[in-house]
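Engineer: The sequence isn't on hand, but the structure is:
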């Protein structure tokens, strides 16, 4: 009684105390209470207590529901019947509400049924029991109906900590009792006020893989009730849910497919089609129109393969879907978008036509269908294109509304791409060009010009750019000639710039390209000076133009450099951000790549000049000032070097540039090694210099490696490891570099393993762990001759054992990948010669590694890592065969049988044994996934399993 009063007091404090700290304390106490064994009895008592208020009833019903779902195994087996009877009494007590309480009790009873087999439940299982209860106590039918509704939903509720085998058995039990459930619901139809609830329950049961033939369902009274409800003045949501489920079922693979379900389809489709007129009925409630639209969209999505045949009947559905797409409300019209995509895929995919035999028949059928659907997709283009138009009040919209508008534009662009895939880009362009011309005609001039329709048409033309042929000569020349004449309104200018960039490949191929490029570049310069958004669009377009038209622009370098200097220096009226200026750096770099080597070298110097000058000035100001500078003042320039080295594809010229720049880079390395942001930027620039220059780097690479090797000991910057990975990839197999690479990796790994000595260090420094083991994997692939015989190999394996269970995703994955690479060493080129070294390290540690991996599989790591851990465990098993299976057996034998049964254990070991024998492991991962699921089914079991395996203690045990 005392604990019950404490719960009431805590709830009162949680909901009514003025002090936030007291409310938080009460919340924590209540959460802790819900995990206790006492919570069962206290929650049950308070629910039966007539004096409990609504807050207490809701909390206690939620507690009882969660206890049944997660902690049912806490109770002794003899507690089941008293618990079932108590929940039944509560279900009757709250049959009229409160609804929240009744729902929680219903879910608790359903969850109980998931755990308890039908033979133990008694009365032939829960559905038969429920039927008998409803017959004996008709006054409680509303409460029992809710239980009947939630029951099939619990099949897929993974909050319930039931074992996978029992969950499958429960689904079979419910499926076998489907007929009984439907007879209960049919009987309840006679109670008129319960019709909505009955249909909701029916919809819920239809989601089970029940396998009822279409002919049987077609004559089912519940189906006829739902269909007849569609013609009521107000369409019931429950009837729509039923019809929606029937549509999905009739087309689903588990139902036998469309042919088997045709009797049901022939009942559904005419009834839904009869609702088409309501789509344009202004007197119809919008919610009803939405429901009707949903049914048409469901029919389209489910019967798309039938519709794709282009029969007369399917065209009736197409016309109805076009009606939905034309609805003024976007959220209704967009219900059809997925259908248009699915239909496009079927119409354009060659596999769809293979049953028609030879090439001539395939082509004839493809053309017939194409001709059938061309008018529909032409209409669709016109119906959706207006939806991308900026609203008049765009500037007054909230951030969320603007975001939603952007999403609308992206969705419409996808639909236009689907249309272009069917119609062809050039044909779609012609439709959209007409809209552009109409919009320009109504645009007018001056400040009050109506730019929005013009921008919308251009947005649509830009959306299909990848589908317009580069030789299109009818419309695109006219579009391009119109662009310089358009008003320079910021949003319109932004779309004009993006459109220029989108058609850069066309500009490169078109005969008018050279003559029109100067005027288009003038537009881009205007965009760079108008607003931040238009500047970003112009910079991106400039990059596309320079990439695709680089051959045409080689003779215009002076003009391009003028634009580049203005953008990079920040002088003048340009509004290009530092981030967007990288597009211009990339643009010039790609044009320089097109130049002959001699010209490229001088052009590269000119490209580097405005970037290196501010860095030289910063370094020349001395160490004290350089150290005080914000990282951003340095990285904005260093990031530009990264782009130059990445995109100027002249290895010797880049090598020469990095050699000249090295004194400045070294000064920044020496003085700012403490600054992670600057070091990351500098290492990225060096990485691209190494990647592009390769072996042309000469002495600079040695100086670079000596620098990071020395600085890593002091500052442990993860990016030094990341840069070393790139060096290993390029130079790992070069015997002339062997000595300094060996010194590099031994120094880096030795210092890292001295740092990462426990799981707390891994947790505190996940980036170092991530980059360290990525580097180690690179060493296995590119320089095993340096890495495998080294003493650091053993040290790294020991270090990896400490860090496998680190919760940081990238760090954990890098460690697992490193171990997998070791286990799969025989698969790599020249790997076999290092197997004796590998085995001398792995075999003594094999039992421990296996146990840590099984601990990770069963709860030490989040379930999202299951695939990675499984892959590593299977790689270990393939490498060490029966020995690895024995290691696994030793580990799982430590887990108590209360957590994992002998059957589950045997299935797991059988899967590993099959993998060890060389079987295809695809389908054999199920028992591995299931043992993971079983061991994580609730907190108590997870603690028992981890307590038995103790992964964090294992790495402290010395290996003999």
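Structural biologist: Sure, I can see it. Because the structure is a prediction, the values reported are computed rather than measured. Numbers count the residues shown, from 1 in each chain.
Engineer: Spell out, range by range, the helices that occur in the stretch 701-850 of the chain.
Structural biologist: For the stretch 701-850 of the chain, the helices defined by DSSP state H, counting those that start in this stretch cover 718-731, 738-755, 759-764, 766-782, 784-787, 791-803, 809-823, 835-855.
Engineer: Residue 862 is nearest to which of these?
Structural biologist: Nearest of these to residue 862, taken as C-beta to C-beta: helix 809-823 at 8.2 Å. (Glycine included, C-beta is placed from N, CA and C.)
Engineer: And the average pLDDT for the closest one is what?
Structural biologist: Confidence for helix 809-823, expressed as mean pLDDT, is 96.
Engineer: what's the answer for stretch 211-229, then?
Structural biologist: Here the average pLDDT along stretch 211-229 is 87.
Engineer: Spatially central residue in this structure, please.
Structural biologist: Central residue of the chain (C-alpha atoms, centre = their mean): residue 864, 12.5 Å from the mean position.
Engineer: quick one, what contacts it?
Structural biologist: residue 809 (C-beta atoms under 8 Å, 6 or more residues apart in numbering).
Engineer: and the gap between it and residue 808?
Structural biologist: 12 Å (C-beta to C-beta, to the nearest Å).
Engineer: same question, residue 741
Structural biologist: 28 Å.
Engineer: Among the two, which residue is more densely surrounded?
Structural biologist: Between residue 741 and residue 808, counting by other C-beta atoms under 10 Å, residue 741 is the more crowded of the two (23 against 17).
Engineer: Flag the shaky bits of the chain, pLDDT-wise.
Structural biologist: Scanning the chain for pLDDT under 70 picks out the ranges 253-257, 444-449, 922-924, 954-960.
Engineer: all strands of it, in order?
Structural biologist: Shown for the chain, no strands are assigned by DSSP state E.
Engineer: pretty sure residue 665 is in contact with residue 682, am I right?
Structural biologist: Yes: Residue 665 lies in contact with residue 682 (C-beta atoms under 8 Å); the separation is 6.4 Å.
Engineer: These two: who's more crowded?
Structural biologist: residue 682 (26 against 22).
Engineer: Excluding residues flanking it in the chain, which one is nearest the more buried one?
Structural biologist: Among residues not flanking residue 682 along the chain, residue 638 sits closest, at 5.5 Å (C-beta to C-beta, 6 or more residues apart in numbering).
Engineer: Over to residue 719?
Structural biologist: Closest residue to residue 719 apart from its sequence neighbours, by C-beta to C-beta, 6+ apart: residue 683 at 4.0 Å.
Engineer: Same question for residue 605.
Structural biologist: residue 657 (7.4 Å).
Engineer: quick one, what contacts the one you found?
Structural biologist: 604, 605, 608, 644, 645, 689.
Engineer: okay but residue 300 is in contact with residue 336, surely?
Structural biologist: Yes: between residue 300 and residue 336 there is a contact under C-beta under 8 Å: 6.3 Å.
Engineer: So for the two, which residues contact both of them?
Structural biologist: By C-beta under 8 Å, 6+ apart, the residues touching both residue 300 and residue 336 are residue 321.
Engineer: Please say which of those two ends up with more neighbours.
Structural biologist: Ranked by neighbour count (other C-beta under 10 Å), residue 300 and residue 336 place residue 336 first, with 27 against 24.
Engineer: separation between that one and residue 247?
Structural biologist: From residue 336 to residue 247 the distance is 15 Å (C-beta to C-beta).
Engineer: about what we covered before: neighbour-wise, give me the winner out of the contacts of residue 657.
Structural biologist: Counting neighbours by other C-beta under 10 Å, residue 689 leads these with 29 neighbours.
Engineer: Test my guess that that one contacts residue 697.
Structural biologist: Yes: under the criterion of C-beta under 8 Å, residue 689 makes contact with residue 697 at 7.3 Å.
Engineer: So for these two, which residues contact both of them?
Structural biologist: Common neighbours of residue 689 and residue 697 (C-beta under 8 Å, 6+ apart) are 655, 658.
Engineer: and residue 208, what are its phi and psi?
Structural biologist: phi -70, psi 150 (degrees, to the nearest 10).
Engineer: mind checking how far it is from residue 792?
Structural biologist: Distance from residue 208 to residue 792, by C-beta to C-beta: 57 Å.
Engineer: Check residue 438 too.
Structural biologist: In terms of C-beta to C-beta, residue 438 sits 71 Å off from residue 792.
Engineer: Sort out which residues of stretch 744-754 are buried, please.
Structural biologist: Using 16 or more other C-beta atoms under 10 Å as the test for burial, stretch 744-754 gives 744, 745, 746, 747, 748, 749, 750, 751, 752, 753.
Engineer: Now do residue 215: how many residues are near it, please.
Structural biologist: For residue 215, the count of nearby residues is 13 (other C-beta under 10 Å).
Engineer: Do I have it right that it meets residue 266?
Structural biologist: No: the pair residue 215 / residue 266 is not scored as a contact, 10.1 Å apart, by C-beta under 8 Å.
Engineer: Just give the closest residue to residue 413, not the sequence neighbours.
Structural biologist: residue 463 is the one closest to residue 413 (C-beta to C-beta, 6+ apart), at 3.8 Å.
Engineer: Same check on residue 428?
Structural biologist: Closest to residue 428 by C-beta to C-beta, 6+ apart is residue 420, at 4.3 Å.
Engineer: got a list of what the one you found touches?
Structural biologist: 428, 464, 467, 468.
Engineer: Can you give me the neighbour number for the residue lying closest to the third one once chain neighbours are set aside?
Structural biologist: Distance criterion C-beta to C-beta, 6+ apart; nearest residue to residue 467, sequence neighbours excluded, is residue 425 at 3.0 Å. The local packing count at residue 425 equals 19, with neighbours defined by other C-beta under 10 Å.
Engineer: who touches residue 425 in this structure?
Structural biologist: 464, 466, 467, 468, 469, 472.
Engineer: Residue 264 now?
Structural biologist: 214, 215, 217, 218, 223, 246, 250.
Engineer: is it true that the third one touches residue 246?
Structural biologist: Okay, so that is residue 217. Yes: if you go by C-beta under 8 Å, residue 217 and residue 246 touch, sitting 6.9 Å apart.
Engineer: These two: who's more crowded?
Structural biologist: Just comparing residue 217 and residue 246: by other C-beta under 10 Å the higher neighbour count belongs to residue 246, 29 against 22.
Engineer: Quick check: the more buried one vs residue 79, distance?
Structural biologist: 41 Å.
Engineer: next one: residue 708
Structural biologist: Counting by C-beta to C-beta, the gap from residue 708 to residue 79 is 64 Å.
Engineer: Those two: which has the busier surroundings?
Structural biologist: Higher neighbour count among residue 708 and residue 79: residue 708, with 25 against 12, using other C-beta under 10 Å.
Engineer: chain center to stretch 383-403, what's the gap?
Structural biologist: 26 Å (C-alpha atoms, centre = their mean, to the nearest Å).
Engineer: ok, and what's touching that stretch?
Structural biologist: Residues external to stretch 383-403 that are found in contact with it (C-beta under 8 Å, 6+ apart): 322, 325-326, 330, 333, 405, 408-409, 412-413, 415-416, 432, 435, 452-453, 455-457, 459-460, 491.
Engineer: ends of it, how far apart?
Structural biologist: Stretch 383-403 has an end-to-end distance of 22 Å (C-alpha to C-alpha, to the nearest Å).
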